[in-house]
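Novice: Please find the sequence and the predicted model below.
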Amino acid sequence: MSLVKGLECRECHHQYPTSAIHVCEFCFGPLEVIYDYESIKKEISREKILSREANMWRYKELLPLDGEPTVGTQVGYTPLVKADNLAKALGVKELYIKNDAVNYPTLSFKDRVVSVAISKAKEFGFKTVGCASTGNLANSVAAHAASAGLESFIFIPHDLEQGKVLGTLVFGTNLVGIRGTYDEVNRLCSEIAAKYKWAFVNINIRPFYAEGSKAMGYEIVEQLNWKTPQHVVSPMAGGSLITKLWKSFNEMVKVGLIEKNTAKIYGAQATGCSPITTAVKNGWDLFKPQQPDTICKSLAIGNPADGFYAARVMHESGGWGEDINDEEIVDAMKLLAETEGIFTETAGGVTVGVAKKLIEQGRIPKNERIVLCITGNGLKTMEVLVGKCGDPVTINAKIREFDEVYQKLHH
Ligand SMILES: Cc1ncc(COP(=O)(O)O)c(C=O)c1O
Ligand SMILES: [Zn+2]
């Protein structure tokens, strides 16, 4: 028996049976997966979860499949690192990094959404999958489609980083670069999805896909010994992840895994593409779409599908939104690497740099439990560090030459 009740419009609350749809027929609102929480409450327990393998599917009752997962069965359960060195540098007491930079298999939190999306696409009977992507989703869809033996068509802005492009092509997918922004890629993909009847993970099966992000929230709570953090900083592109973190904490209360949700959620963007944080900081109800201009290409979505709902989560939870410029992004990537030995991509730089700014502003207090969501890996965005970390010293293989170098480096 499935624990999913179906889909519901976020706006008019009209309900639909489970199928590959994503917008409401009546009001064009986005659809959301709804569950039978009373039944889940009877099925799920901390003991049951702890007895299962260390991957995101230990929370399968709260993920929207009818059967067992068939794709990405080893995704998730990434480390929650107690970041004492970074805490000291930022002047706070209790800080953790949820490190999805080492998610399996493609080193970003997108593996979570893709394992749900492609497992669901298979349940629906699709033979071809696709996505519109700023890079990480492309890597993950290509990898999971390869392992599932499905054909894939992947669409990206043509000027992404090498790591994102090669890290997609290597899986033998059909990769199409579009001369345009992500928003143009996304619009084209909506047309293609309708015409070719493929499963575009973040378009026509978006309600199911997006649910995968919740696993990051469940794991954080479990790893904090069944407590929510008090402050969570999350990067935002389309704005989906942040809404699902909030949903995950609230669901854990609903199904009796924890007593209360104490989390305030803070959204982070690059100033060069900050439609959501600009709306939050100005108290606007609606965001204004932007033309992205930032080194943080993974977060460069100027017209975010879930932007409105992301802003609402920050408001409802008592959090806030903030953005930082490109120079601050690079500085923050280096700060995380130098203090914690964690190499994140530009999006992680945005998260760490925004957290620093919010702490300096006094918006995040210094003596409470803070979690930073690090969602992607630095090896994929090496370009931004060229010339920013110094150069290696090159010498001949002679001890005398090293002695000289040592004197210089050591003093
Ligand atoms: C590394 C990374 N972090 C965060 C995000 C933001 O996710 P969302 O679109 O759900 O806001 C993305 C999206 O592409 C990403 O690639
Ligand atoms: Zn509706």
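Specialist: Ah, there it is. Ligands and ions are numbered 1, 2, ... in the order given.
Novice: which element follows the one helix or strand residue 130 maps to toward the C-terminus?
Specialist: Element membership of residue 130, judged by DSSP states H and E, is strand 128-132. Sequence-wise, the next helix or strand downstream of strand 128-132 (DSSP H and E) is helix 136-148.
Novice: For that next one, what does the pLDDT average out to?
Specialist: Averaged across helix 136-148, pLDDT comes to 98.
Novice: And for that helix, what's in contact with it?
Specialist: The contact list for helix 136-148 (C-beta atoms under 8 Å, 6 or more residues apart in numbering) reads 70-72, 105-111, 113-115, 117-118, 122, 129-131, 133, 151-152, 154, 156, 160, 164, 167-173, 175, 201-202, 298, 375-376, 380. For the C-beta atoms, the positions are set from N, CA and C on the backbone; glycine is no exception.
Novice: Stretch 38-58 too?
Specialist: In contact with stretch 38-58 (C-beta under 8 Å, 6+ apart) are residues 1, 3, 59, 61-63, 69, 73-77, 112, 115, 212, 215, 218-219, 222, 226, 254-257.
Novice: What are the buried residues along that stretch?
Specialist: The neighbour-count check on stretch 38-58 (16 or more other C-beta atoms under 10 Å) flags 40, 44, 49, 55-58 as buried.
Novice: can you list the residues of this structure near ligand 1?
Specialist: Neighbours of ligand 1 within the chain, by C-beta under 6 Å from any ligand atom: 108, 134, 136-137, 235-241, 298-299, 345, 347, 375-376.
Novice: about what we covered before: from the contacts of helix 136-148, which would you call buried?
Specialist: 71-72, 105-111, 113-115, 117-118, 122, 129-131, 133, 152, 154, 156, 160, 164, 167-168, 171, 173, 175, 201-202, 298, 375-376, 380.
Novice: Among the contacts of helix 136-148, name the ones in strands.
Specialist: 129-131, 151-152, 154, 156, 175 (DSSP state E).
Novice: ok, the closest residue to residue 236 other than its chain neighbours - contacts?
Specialist: Distance criterion C-beta to C-beta, 6 or more residues apart in numbering; nearest residue to residue 236, sequence neighbours excluded, is residue 267 at 4.5 Å. Residue 267 sits next to 234-236, 239, 242, 276-277, 280, 310-311, 313-314, 319-322 when contact means C-beta under 8 Å, 6+ apart.
Novice: What about the residue nearest to residue 24 when sequence neighbours are not counted, how many residues nearby?
Specialist: Nearest in space to residue 24, with sequence neighbours left out and distances taken as C-beta to C-beta, 6+ apart, is residue 9 at 3.7 Å. If you count neighbours by other C-beta atoms under 10 Å, residue 9 ends up with 19.
Novice: Residue 14 now?
Specialist: For residue 14, the neighbour count with other C-beta under 10 Å is 14.
Novice: Backbone dihedrals for it, please?
Specialist: Here is the backbone geometry of residue 14 (degrees, to the nearest 10): phi -60, psi 140.
Novice: got it, and residue 337?
Specialist: phi -60, psi -50.
Novice: That one touches residue 343, doesn't it?
Specialist: Yes: with contact defined as C-beta atoms under 8 Å, residue 337 reaches residue 343; the gap is 5.3 Å.
Novice: Common neighbours of those two, please.
Specialist: residue 378.
Novice: Just the strands from the chain, written as ranges.
Specialist: 4-9, 15-16, 31-35, 80-82, 94-99, 128-132, 151-157, 174-178, 199-200, 231-235, 264-270, 321-324, 369-374.
Novice: Going by neighbour count, which residues in the third one are buried?
Specialist: Buried residues in strand 31-35, defined by neighbour count with 16+ other C-beta under 10 Å: 31-35.
Novice: got it, and stretch 140-147?
Specialist: 140-146.
Novice: Export these to a markdown table and append columns for distance to ligand 2.
Specialist: Converted to a markdown table, these look like this (distance: C-beta to the ion, whole Å):
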| residue | distance to ligand 2 |
| --- | --- |
| 140 | 30 |
| 141 | 28 |
| 142 | 33 |
| 143 | 35 |
| 144 | 31 |
| 145 | 31 |
| 146 | 37 |
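Novice: Columns distance to residue 207 on top of those, output as a markdown table?
Specialist: Shown next, in a markdown table, are the buried residues of stretch 140-147 (distance: C-beta to C-beta, whole Å):
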| residue | distance to residue 207 |
| --- | --- |
| 140 | 18 |
| 141 | 17 |
| 142 | 22 |
| 143 | 22 |
| 144 | 18 |
| 145 | 20 |
| 146 | 25 |
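Novice: and which of these is nearest to ligand 1?
Specialist: Nearest to ligand 1, judged by C-beta to the nearest ligand atom, of these is residue 140 at 9.4 Å.
Novice: how much space between residue 13 and ligand 2?
Specialist: As for residue 13, its distance to ligand 2 is 7 Å (criterion: C-beta to the ion, to the nearest Å).
Novice: Quick check: residues of this structure near ligand 2?
Specialist: By C-beta under 5 Å from the ion, the residues of the chain that approach ligand 2 are 9, 11-12, 14, 24, 26-27, 29.
Novice: okay, now the residue in the stretch 151-300 of the chain that ligand 2 sits nearest to: neighbour count?
Specialist: Minimum separation of the stretch 151-300 of the chain from ligand 2 (C-beta to the ion) falls at residue 207, amounting to 12.8 Å. Using other C-beta under 10 Å, residue 207 is surrounded by 25 other residues.
Novice: wait, isn't it in contact with residue 34?
Specialist: No: if you go by C-beta under 8 Å, residue 207 and residue 34 don't touch, sitting 9.7 Å apart.
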